[in-house]
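Below is the sequence, then the predicted model.
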Amino acid sequence: MIQDIGAEKLNNSYIPDAVPSPGDTLFCFRGGEVLACPDMQEPFPKVADVSFSGDTVYLFSIGERRYFLCRDENPEAPEKFAYTDVKQLRRAEGAVKLHVFALFTAFHLCKWYRKSRFCGACGAETVPDSRERAMRCPGCGNITYPRIDPAVIVGVTNGDKLLLTRYARGRGVNFDALVAGFTEIGETLEQTVEREVMEEVGLRVKNIRYYKSQPWGFSGGILAGFFCDVEGGDTVTLDESELSSAIWTRREDIVGQPDDMSLTNEMMKMFRDGKV
Ligand SMILES: [Zn+2]
């Protein structure tokens, strides 16, 4: 999965007064694009590579690598670098998991900083808190913490078969997935599982069991994976606004996704290999 980056560890302690060194990585986003070069071993520019105002915010470190976010709106691309679609980089030939994980995590933080410039309570301009990662309103004292949206991924099993879905057209995804959805206020993760399965495919489930979780910064979420068994009838009633298909698939016929970044892919393969 995207977070399985070997021995190196993410350290996301907030260091408000961190000053970037020339060799630190600088993430420069423009909408859904990031400044990157075709070298997947070292795809992102260093601080010294980019001509910008110097306005940065410290993001996190992974092992010895430190990452900063460029606060300039649109710094000019240095030689060999170009603004590249964030999603595309995940599937780029030779993509390295550590870099994709750093990119998605930085993108999540970048989007939160963009949306937290003004206080949601009184509309005043916010300032970074001096002690923790939060934006503070000097007007009314409101504090905005980084937002993470919880969601579930659901492997619905039916004996030797797993329910594989395809998203409705227009979502830009054309490979197998599992039932998935965001948690609503007031419900447990298990209740999200029950509700999403009923909404998307019209099935009742039982024996809901937690598998693993995954940060998914691209959509700003934390994903919790569950397996469960179908209860009663197994005839699918599709929500066609969400899905184009949902098919009971035998273990040996499960293909998986084109890369091994997602929790969904790992869950499909665990079932295929008879490990769950
Ligand atoms: Zn305020």
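Thanks, I have it.

pLDDT weak spots in the protein?
170-172 (pLDDT under 70).

Walk me through the domains of it.
10-115, 149-272 (automatic domain parsing).

between those domains, which one is nearest to residue 138?
domain 10-115 (16.1 Å; C-beta to C-beta). Every residue, glycine included, has its C-beta placed from N, CA and C.

Do me a favour and get the end-to-end distance for the closest one?
24 Å (C-alpha to C-alpha, to the nearest Å).

can you give me how far that domain is from the chain middle?
Computed by C-alpha atoms, centre = their mean, to the nearest Å, the chain-centroid distance of domain 10-115 equals 15 Å.

What lies in contact with the lengthiest strand in the chain?
Secondary structure of the chain per DSSP state E: the longest strand is strand 204-216. Identification of contacts with strand 204-216 by C-beta atoms under 8 Å, 6 or more residues apart in numbering yields 1-3, 104-105, 108, 151, 154-156, 189-190, 193-194, 197-198, 221-232, 262-263, 266-267, 270, 276.

out of the residues you listed, which are buried?
Buried members of those, scored by 16 or more other C-beta atoms under 10 Å, are 1-3, 104-105, 108, 151, 154-156, 190, 193-194, 197, 221, 223-228, 230, 262-263, 266-267, 270.

Let's see which of the residues you listed end up in strands.
Reading strands off the buried ones among the contacts of strand 204-216 with DSSP E, I get 151, 154-156, 221, 223-228, 230.

now, which of those sits nearest residue 86?
Scanning these for proximity to residue 86, where the rule is C-beta to C-beta, the winner is residue 221, at 14.8 Å.

Surely the closest one touches residue 150?
Yes - using C-beta atoms under 8 Å, residue 221 is in contact with residue 150, at 6.8 Å.

list the residues that contact both of those two?
residue 182.

rewinding a little: mind checking which of the domains of the chain is nearest residue 121?
Here domain 10-115 is closest among the domains of the chain (C-beta to C-beta), at 14.3 Å.

Report the beta-bridge partner residues of the residue nearest to residue 208 when sequence neighbours are not counted.
Of all residues not flanking residue 208 in the chain, residue 228 sits nearest, at 4.3 Å (C-beta to C-beta, 6 or more residues apart in numbering). For residue 228, the beta-bridge partners are residue 156 (DSSP bridges).

can you tell me which residues contact residue 228?
154-157, 193, 197, 205-209.

ok, which of these also contact the ion?
Here nothing survives when the contacts of residue 228 are matched to the ion using C-beta under 5 Å from the ion.

Show me what from the stretch 101-250 of the chain comes close to the ion.
So far as C-beta under 5 Å from the ion goes, the stretch 101-250 of the chain lies against the ion at 119, 121-122, 124, 137, 139-140, 142.

so where do the strands sit in the stretch 1-150 of the chain?
Along the stretch 1-150 of the chain, the stretches classed as strands by DSSP state E, counting those that start in this stretch are 10-11, 25-27, 29-30, 33-36, 56-62, 65-70, 82-85, 127-128, 135-136, 143-144, 149-158.

Show me what the first one packs onto, helices and strands only.
Counting contacts by 3 or more C-beta pairs under 8 Å, 6 or more residues apart in numbering; DSSP states H and E, the secondary-structure elements packed against strand 10-11 are strand 56-62.

Sheet partners, orientation included, of the strand it packs on?
According to DSSP bridges, strand 56-62 has these partners: strand 10-11 (antiparallel), strand 65-70 (antiparallel).

about what we covered before: make TSV out of the residues of the stretch 101-250 of the chain next to the ion and add distance to residue 49 and neighbour count.
Formatted as TSV, these follow (distance: C-beta to C-beta, whole Å; neighbours: other C-beta atoms under 10 Å):
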residue	distance to residue 49	neighbour count
119	35	20
121	39	13
122	39	11
124	36	13
137	35	19
139	38	13
140	40	11
142	37	15
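
can you tell me which of those are in helices?
If you go by DSSP state H, these have nothing in helices.

which residue packs closest to residue 135, ignoring adjacent ones?
residue 126 (4.0 Å).

angle of the longest helix seen in the chain against strand 65-70?
In the chain, taking DSSP H as the definition, the longest helix is helix 97-115. Using axes from the mean of the first three to the mean of the last three C-alpha atoms, to 10 degrees, the inter-axis angle of helix 97-115 relative to strand 65-70 is 30 degrees.
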